[in-house]
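Trainee: Provide a 3D model corresponding to the input given below.
(one chain, ligands or ions: 2)
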Amino acid sequence: MFDIPPELLGEDGIYRKELKIAVELALKAGANIEEHCKKVGTKAGQQSETTLQISTKQNDADFATAIDILNEKIITEGLLSHFPHHQIIGEESTGTGSLPELTSDPTWIIDPIDGTTNFASGLPLTCVSIGFCQNQIPVMGIVYAPMTQELFLGVKNKGSFRNGIPICLSPSTLAKTLKDSIVLFEFGYARSEESIDKMLNAVKRILQHGCRTTRCLGSGVLDLCYVAMGRLDVIYTGVSEEGWKPWDYCAGMVIVQEAGGCIRSLQNENDEFDDCGKVVPGSSFDIYSKSMICAVHPGLLEECRNTVLGFK
Ligand code: IPD
Ligand code: CA
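Mentor: Ligands and ions are numbered 1, 2, ... in the order given. Have a look, this model is predicted:
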């Protein structure tokens, strides 16, 4: 079920070794997530809760567990044993410190558990995310969600896959407008009054405009994979201080773009525009961006962006 598709391993499978190792490590780390999640709500789970060793980061809502740290160690050591000259940027080793610079060296960007709150509570939407950059550009994404048994893979110019089957957005998604879309946002860890007001006002504008429904699922990485499959139509983050970090974007960005989705900064950072003044989909998004909007097609992206930011 989690075999790597031959399209990615064939003769021109340029990241063949990288992909094999990263998938192996994602499955290994995913097994640790599964072991804990399956115990939640059982007698065995009561013991497991105490071994989670929760440590808080920027505030009480933002935390890491002993499994986050263990998974990052497994993935980092595994990668370095095969690729000693590669760089690694991991969520837990970065902690609350400043983000390491992304150089032109081959660089892995890791979230050892995305959706840590879901994970700790035994909610199934949680995953391991491993992204790979060459010359500062994300070129490969590996996302494993053990509780839903899904392995998403994306390689630049080679396509995206879910459990070995190619995924791509269907032509019917091109007709979507905000009114018939599922719109996702995450509140993240911002808790100041000003931030809460900004985030709630954006939600209010979407509801007033009209949409099919809204969702907050708790895993930024899976949110991107779900847009890649058309399960969600548009997602955004970074209205205020709730924007995501490179490990929330890197792997998912490759997967969603290879499936035909588009992504850009929500706010006006580093955008590139075509001759008609329209933003070039995907051209400008950089994983260090403080804000992001991603949709199944550029028209919907811009419609939602204008609504979220309160533009006419
Ligand atoms: C978080 C999740 C959440 C997003 C936060 C992230 P974590 O990752 O992806 O959906 O809103 O900004 O930090 O902390 O569970 O790895
Ligand atoms: Ca995490």
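
Trainee: where exactly do the strands run in this structure?
Mentor: Taking DSSP state E, the strands of the chain run over residues 55-56, 63-64, 87-90, 107-114, 127-134, 137-145, 150-155, 159-162, 165-167, 182-185, 213-215, 234-237, 262-264, 292-295.

Trainee: wait, which of the ones you listed is closest to residue 16?
Mentor: strand 150-155 (9.8 Å; C-beta to C-beta). (Each C-beta comes from the backbone N, C-alpha and C, glycine too.)

Trainee: elements contacting that closest one?
Mentor: When contacts are defined as 3 or more C-beta pairs under 8 Å, 6 or more residues apart in numbering; DSSP states H and E, strand 150-155 sits against helix 16-39, strand 137-145, strand 159-162, helix 220-228, helix 246-258.

Trainee: I'd say residue 184 and residue 216 touch.
Mentor: Yes: using C-beta atoms under 8 Å, residue 184 is in contact with residue 216, at 6.8 Å.

Trainee: quick one, which of these two is more surrounded?
Mentor: residue 184 (23 against 11; other C-beta atoms under 10 Å).

Trainee: what pLDDT does that one get?
Mentor: pLDDT for residue 184: 98.

Trainee: how about residue 248?
Mentor: 98.

Trainee: tell me the spatial nearest neighbour of it, not counting adjacent residues.
Mentor: The shortest distance from residue 248 to any non-neighbouring residue, by C-beta to C-beta, 6 or more residues apart in numbering, is to residue 220 (3.9 Å).

Trainee: my understanding was that that neighbour contacts residue 185; is that so?
Mentor: No: Residue 220 lies out of contact with residue 185 (C-beta under 8 Å); the separation is 10.4 Å.

Trainee: which neighbours do these two share?
Mentor: Counting by C-beta atoms under 8 Å, 6 or more residues apart in numbering, the residues touching both residue 220 and residue 185 are residue 237.

Trainee: who has more neighbours out of these two?
Mentor: residue 220 (25 against 22).

Trainee: and the closest residue to ligand 1 within the stretch 1-150 of the chain, how close does it get to residue 123?
Mentor: Residue nearest to ligand 1 within the stretch 1-150 of the chain: residue 116 (3.7 Å; C-beta to the nearest ligand atom). For residue 116, the distance to residue 123 equals 11 Å [C-beta to C-beta, to the nearest Å].

Trainee: who has more neighbours out of the two?
Mentor: More neighbours surround residue 116 than the other of residue 116 and residue 123, with 25 against 16 (other C-beta under 10 Å).

Trainee: and that one, what does it touch?
Mentor: With C-beta under 8 Å, 6+ apart, residue 116 has these contacts: 63-65, 68, 126.

Trainee: ok, 6 Å please
Mentor: For residue 116, the contact set (C-beta atoms under 6 Å, 6 or more residues apart in numbering) is empty.

Trainee: how near is it to residue 56?
Mentor: From residue 116 over to residue 56 (counting by C-beta to C-beta), the distance is 11 Å.

Trainee: which pLDDT does the model give the closest residue to residue 170 other than its chain neighbours?
Mentor: In space, and not counting its chain neighbours, residue 170 is closest to residue 230: 6.2 Å by C-beta to C-beta, 6+ apart. According to the prediction, residue 230 has pLDDT 97.

Trainee: isn't residue 230 right up against residue 168?
Mentor: No: counting by C-beta atoms under 6 Å, residue 230 sits too far from residue 168 to count as a contact (9.2 Å).

Trainee: before we move on, back to that, these two touch, right, the residue nearest to residue 248 and residue 242?
Mentor: No: at 10.0 Å, residue 220 and residue 242 do not qualify as touching, with contact defined as C-beta under 6 Å.

Trainee: got the residues of this structure near ligand 2?
Mentor: With C-beta under 5 Å from the ion as the criterion, the chain comes near ligand 2 at residues 91, 111, 113, 116.

Trainee: for ligand 1, what is the nearest residue in the stretch 201-312 of the chain?
Mentor: residue 220 (3.2 Å).

Trainee: ok, that residue to residue 287 distance?
Mentor: On the measure of C-beta to C-beta, residue 220 and residue 287 end up 12 Å apart.

Trainee: what do you get for residue 51?
Mentor: 33 Å.
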